[in-house]
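# fold the stuff below for me.
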Amino acid sequence: MSYYDKHVFICCNQRAEGEGCCADFGTPALLGYMKDRVKALGLAGEGQVRVNKAGCLGRCDDGPVMVVYPQETWYTFIDKDDIDEIVDSHLVNGQVVERLKI
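Numbering: from 1, shown residues only. Here you go, the predicted model:
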């Protein structure tokens, strides 16, 4: 049994100037927003949800990206509305957000 029901990794990698990366899309701020939202909903902690910062996840062309385990669901996202939809649909209700899935 996994320590967390769902474990989210958000790429916050920053590459050298001129090279595309997830951090160019504001992922560090969106990571903070998602962590705060998960905590506010009472979803954080053992047996529930963990949201972590990740280095490069190797899908820069699809960026910004996150992956949710153990479902191995990859998402792209742009703003807080997308984060809210992933939290509400996937993390709370177990429904993959097809429009954001990569």
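
# in this structure, spot the helix with the most residues.
Ranked by residue count and defined by DSSP state H, the top helix of the chain is helix 27-40.

# which strands and helices lie in contact with the following helix or strand past that one?
Downstream of helix 27-40, the first helix or strand assigned by DSSP states H and E is strand 49-54. Applying 3 or more C-beta pairs under 8 Å, 6 or more residues apart in numbering; DSSP states H and E, one finds that strand 49-54 makes contact with strand 6-11, helix 27-40. Using the backbone N, CA and C atoms, a C-beta is placed for each residue, glycine as well.

# buried residues, the longest helix of the chain. List them.
Buried residues in helix 27-40, counted by 16 or more other C-beta atoms under 10 Å: 27, 30-31, 33-35, 37-38.

# state the mean pLDDT of that helix.
Helix 27-40 shows an average pLDDT of 98 in the prediction.

# that one packs against which elements?
In terms of contacts (3+ C-beta pairs under 8 Å, 6+ apart), helix 27-40 is packed against strand 6-11, strand 49-54, helix 80-85.

# pLDDT weak spots in this structure?
Residue ranges of the chain with pLDDT under 70: 1.

# the same query, at a cut-off of 80, please.
Flagging of the chain using pLDDT under 80 yields the residue ranges 1, 17-20.

# hang on, Asp62 packs against Tyr75?
No: using C-beta atoms under 8 Å, Asp62 makes no contact with Tyr75, being 9.3 Å away.

# among these two, which residue is more densely surrounded?
Neighbours were counted for Asp62 and for Tyr75 using other C-beta atoms under 10 Å; Tyr75 has more, 23 against 14.

# residue contacts, that one?
For Tyr75, the contact set (C-beta atoms under 8 Å, 6 or more residues apart in numbering) comprises 65-68, 82, 86, 97, 100-102.

# wasn't it part of a strand?
Yes: per DSSP: H, G, I helix; E, B strand; the rest coil, Tyr75 lies within a strand segment.

# grab the nearest non-local neighbour of it.
Distance criterion C-beta to C-beta, 6 or more residues apart in numbering; nearest residue to Tyr75, sequence neighbours excluded, is Leu100 at 4.6 Å.
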